Each structure stands twice: as structure tokens, then as C-alpha cells.
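K.L.:
Below: sequence and its predicted model.
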Amino acid sequence: MDVKVKTACDTCAHFNAKGLKKLGVNTSNFNFVIALAGNPNTGKSTVFNALTGLKQHTGNWPGKTVTRAEGGFEYNDQKYKLIDLPGTYSLLSTSEDEEVARNFILFGKPSVTVIVVDASRLERNLNLVLQILEITDKAVLCLNLMDEAKRNNIEINTRTLARNLGIPVVPTSARFNKGIPELIQTISEVANGEIKCNPHRIKNIPKNIEIAVKKLSAKIEKQYPTIPNSRWIAFRLLEGDSQIINALKTGEFI
Ligand SMILES: Nc1nc2c(ncn2[C@@H]2O[C@H](COP(=O)(O)OP(=O)(O)OP(=O)(O)O)[C@@H](O)[C@H]2O)c(=O)[nH]1
Ligand SMILES: [Mg+2]
């Protein structure tokens, strides 16, 4: 069933328009905002081009030298804004690229984050996948370079992978435009809430840390009622993450 978003106000819950504006992304006239994230060289830009038909424009993130590529596509009368995030190995914010990707997912709260991974090197890509799933509730795994995986006789049980990660998995070979219609359909279903994600989260956290995180996240929520994912932020504060500490101090994105 199609769920149509008619007015700007109806779209409020689908992404954080205010946060995105602060991050330099104008979302007016779009029903959904989709982020493309992943390790470097996994085919994000190729997926981006396949989805948008090369209709993109580029600029810089505010105050950063990192390039931003934006584009859009329409599906079932709904408008999707697509942001090609810089390739990163982690979200621990040790580089400008990582900071951009992390801030976007955390504070922009895109409607769906598409995590593009290299199917022929899945294991080394999973670290970032798990980090992204700690931040966001709505994600799709784009298992790209399937042609390359097949050539190397690598078989992937996509059903088990989807079950274990708690998000839909779509195999693609973006260079050959394979799997792109299925990817669009899945993005649309997650964006419209027809597919519910249940992302994998780290369990078995030591009791003392769990208690500290609970106390801290309650305080964070009290101070910043609209903050996204206070639990994840509490972990970063305990780690002494200077970028997050600074973001809280300045209220930059909140
Ligand atoms: N064989 C194969 N090659 C692909 C596929 N998708 C992308 N590529 C190739 O992989 C290389 C990297 O693709 P990009 O789209 O630039 O990758 P990216 O993730 O945007 O890279 P960064 O922006 O540097 O992180 C290019 O040579 C693409 O043509 C695919 O499905 N199969
Ligand atoms: Mg790229």
C-alpha cells in the first residue's frame, strides 16, 4: 500500500529538517532524505549515479573541505533527496570525512541510511555497518559488487545476514545497474514504515558501564529534549570524544 506524504508538516517525522539545514542541506520539497554511507571504494557514488541518473550537484559541507554530492529521485509520487556521504572506515571521528558522515547520520537523522558494502570484502566492511546501526534505526544494506563476489566464488546468505543485522539486505552490481530497482523499492518500504528495522545493537555491556550510561543519557535527555540517540552520545562522552563534547557545549546541531 502506498503511504503518500502530502504536506511539509507530514514529513517532519521522517527526518530532522532543522538539523539538516544546520548541516547545509536544504530539504524543502522532499518527502524523504536518504544517506549513502560506507567504506571508501564500495561503489557509493556508482549507486548514487544509478539512483539519480547522474543528476547531482556538489558543494562543500559548511566549514569543511569535504565535498558534498546531492541529488534526487522520484518513486511512487514521492520525492527522495539523496546525499552521498564521504567514504569512511569508522564513525569515531578521527578525520574530517568521518566527522561529516557521523554528524549527518546522528544529527540529520535521515529517513533511511543506505550502507553500501563490498560483497567481496564483506567482513572488513562489517565494522562500519555495526557502528552505523548503533546510531540509526532505519537502514538498508546494499550488498554491492556482487559480480565481483561471484567471480571469487564467494556466496553470501542474504537472508541470514538480514536477520542477524536486523535490516533488509539488497544485492546489487551497481556498475551494471543490477539490483537498483529492488534497492529503490526497499528504500521506499523502509522510508514509509512498511518494513520495520530491528538493528543489531551491542549487548552484554558490563553492569557498571550500563548503569553509568543510563544515568548519563537521562541527564542528556533532560538537558537536550530533542537530542537524537542519547544512549550513543552517553557512550561517546564516557570515551571523552572531544567532537561530541564540543557539539553539546555549543549546541551546534541540536
Ligand atoms: N565490478 C564492479 N565494480 C563496481 C561496482 N560498483 C562500483 N564499482 C566500481 O568500483 C570503483 C569505485 O566506485 P565508486 O562509486 O567511486 O566508489 P565510492 O564508494 O563512491 O568511493 P569513495 O567515494 O572513494 O569512497 C569504480 O571503479 C566503480 O566502477 C559493481 O557493482 N561491480
Ligand atoms: Mg564516492
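P.N.:
Alright, I've got the coordinates. Residues are numbered from 1 along each chain as shown. Ligands and ions are numbered 1, 2, ... in the order given.
K.L.:
give me every residue that touches Asp147.
P.N.:
Ser173, Arg175, Phe176, Lys178 (CB atoms under 8 Å, 6 or more residues apart in numbering). C-beta coordinates here come from the backbone N, C-alpha and C atoms, glycine included.
K.L.:
quick one, phi/psi of the third one?
P.N.:
Backbone torsions for Phe176, taken as degrees, to the nearest 10, come to phi -110, psi 20.
K.L.:
can you count the residues close to it?
P.N.:
When counting by other CB atoms under 10 Å, one arrives at 12 neighbours for Phe176.
K.L.:
The residue of the chain most remote from its centre and Lys215, how far apart?
P.N.:
Distance to the chain centre peaks in the chain at Asn208, reaching 30.0 Å (criterion: CA atoms, centre = their mean). As judged by CB to CB, to the nearest Å, Asn208 and Lys215 stand 11 Å apart.
K.L.:
And for Leu54?
P.N.:
50 Å.
K.L.:
same thing with Ile167?
P.N.:
30 Å.
K.L.:
the more surrounded of these two?
P.N.:
Set Ile167 next to Lys215 and count neighbours by other CB under 10 Å: Ile167 wins out with 28 against 11.
K.L.:
wait, what's in contact with the more buried one?
P.N.:
For Ile167, the contacting residues are Leu133, Ala139, Val140, Leu141, Val190, Cys197, Asn198, Pro199, by CB under 8 Å, 6+ apart.
K.L.:
Same check on Arg159?
P.N.:
Here Arg159 is in contact with Val169 (CB under 8 Å, 6+ apart).
K.L.:
any idea of the pLDDT on it?
P.N.:
Listed pLDDT for Arg159 reads 96.
K.L.:
which parts of the strand or helix carrying it are buried?
P.N.:
Per DSSP states H and E, Arg159 falls inside helix 158-165. Residues of helix 158-165 classed as buried: Thr158, Leu161, Ala162, Leu165 (neighbour count, 16 or more other CB atoms under 10 Å).
K.L.:
Only alpha carbons, please: show it as CSV.
P.N.:
What follows is helix 158-165, C-alpha atoms only, in CSV (Å, rounded to 0.1, in the frame of the first residue of the first chain):
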residue,chain,number,x,y,z
THR,A,158,21.5,-12.7,2.3
ARG,A,159,18.6,-13.9,4.4
THR,A,160,20.7,-14.9,7.4
LEU,A,161,22.7,-11.6,7.0
ALA,A,162,19.4,-9.6,7.0
ARG,A,163,18.1,-11.5,10.1
ASN,A,164,21.4,-11.1,12.0
LEU,A,165,21.7,-7.4,11.2
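K.L.:
Which SSE is immediately downstream of it?
P.N.:
Downstream of helix 158-165, the next assigned helix or strand under DSSP H and E is strand 169-171.
K.L.:
That following strand packs against which elements?
P.N.:
Judged by 3 or more CB pairs under 8 Å, 6 or more residues apart in numbering; DSSP states H and E, the packing partners of strand 169-171 are strand 139-144, helix 158-165, helix 180-191.
K.L.:
Tabulate the ones you listed (a markdown table), appending distance to ligand 2.
P.N.:
Listed next are the helices and strands packed on strand 169-171 as a markdown table, based on distance: least, CB to the ion, whole Å:
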| stretch | distance to ligand 2 |
| --- | --- |
| strand 139-144 | 12 |
| helix 158-165 | 23 |
| helix 180-191 | 16 |
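K.L.:
Please report how far the residue of the stretch 51-200 of the chain found nearest ligand 1 lies from Val100.
P.N.:
The nearest approach of the stretch 51-200 of the chain to ligand 1 comes at Gly87, 2.4 Å away (CB to the nearest ligand atom). With the distance defined as CB to CB, Gly87 ends up 11 Å from Val100.
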